[in-house]
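[1] need a structure here:
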Amino acid sequence: MQNEEDKSVSTQDETGKSAAEYIEAIKEIKANSVPRDKFEALEKEKKDLLKALIEGGQIEQQTAKEKTDIKALQAELFNEDNKLNNLDYAKKALKLREAVMEETGKDIFLPYGANISPTPADVEAAEKVAKAFQSCIDYADGDSQLFTQELQRITKKETFRR
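    The predicted structure is shown next:
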């Protein structure tokens, strides 16, 4: 009888915490975390301020960001008559994504709805898409054809069986 109890799988570890408690703790940590790029920007700003304080110098005050007009960007992107090339469309899509994330905290590249919410895999995929767009924008250096060629080059073709 004792051996049977030892062989049974427990959902608790030595500390008495269950897997659900660990998952909940991870979700809480993620909700209260700052994205790495924002953290690094703040860390750099802190170092610059400390350096200026120690050396007695001045640091330039950055002007406040102009608030992006989300409605205007949406109208421009989703208008049937828009004449945007691929490069301009991608730039505006990333700008809209950033503005919406700043204002609402939601990523427009993620699925949201009554019966769906984004998974960690969705978040990872959305970030991968945004980084891919940005790398193609950087590579193109203003040339829409180069942007499209680079996007096609890095896009993996999936084949589906019927």
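
[2] next, name the residue at the spatial heart of this structure.
    The residue lying closest to the centre of the chain (CA atoms, centre = their mean) is Glu127, at 4.4 Å.

[3] how far away is that residue from Lys106?
    14 Å (CB to CB, to the nearest Å). Bear in mind the C-beta positions are built from the backbone N, C-alpha and C, glycine included.

[4] equivalent analysis for Ala125, please.
    For Ala125, the distance to Lys106 - CB to CB - is 16 Å.

[5] ok, now Glu24?
    Noted for Glu24: a distance of 22 Å to Lys106, by CB to CB.

[6] without its sequence neighbours, what residue ends up closest to Ala140?
    Spatial nearest neighbour of Ala140, excluding adjacent residues (CB to CB, 6 or more residues apart in numbering): Phe147 at 3.6 Å.

[7] buried ones in the helix or strand that contains the one you found?
    Phe147 is part of helix 144-154, with elements assigned from DSSP states H and E. By neighbour count, with 16 or more other CB atoms under 10 Å as the criterion, the buried positions of helix 144-154 are 147-148, 150-151.

[8] C-alpha coordinates for it, CSV please?
    Extracted in CSV, the C-alpha atoms of helix 144-154 (Å, rounded to 0.1, in the frame of the first residue of the first chain):
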residue,chain,number,x,y,z
SER,A,144,9.8,50.0,-51.4
GLN,A,145,11.0,47.4,-53.9
LEU,A,146,13.9,46.4,-51.6
PHE,A,147,11.5,46.2,-48.7
THR,A,148,9.2,43.8,-50.7
GLN,A,149,12.2,41.7,-51.9
GLU,A,150,13.6,41.4,-48.4
LEU,A,151,10.2,40.5,-46.9
GLN,A,152,9.7,37.8,-49.5
ARG,A,153,13.2,36.5,-48.9
ILE,A,154,12.6,36.1,-45.1
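
[9] contacting residues for Asp107?
    Applying CB atoms under 8 Å, 6 or more residues apart in numbering, we find Asp107 in contact with 97, 100-101, 118, 123, 126.

[10] among the residues you listed, which two are most distant?
    Pairwise distances across the contacts of Asp107 (CB to CB) peak at 14.9 Å, for the pair Val100 and Val123.

[11] higher neighbour count, these two?
    Neighbour count, other CB atoms under 10 Å: between Val100 and Val123, Val100 has more, with 18 against 14.
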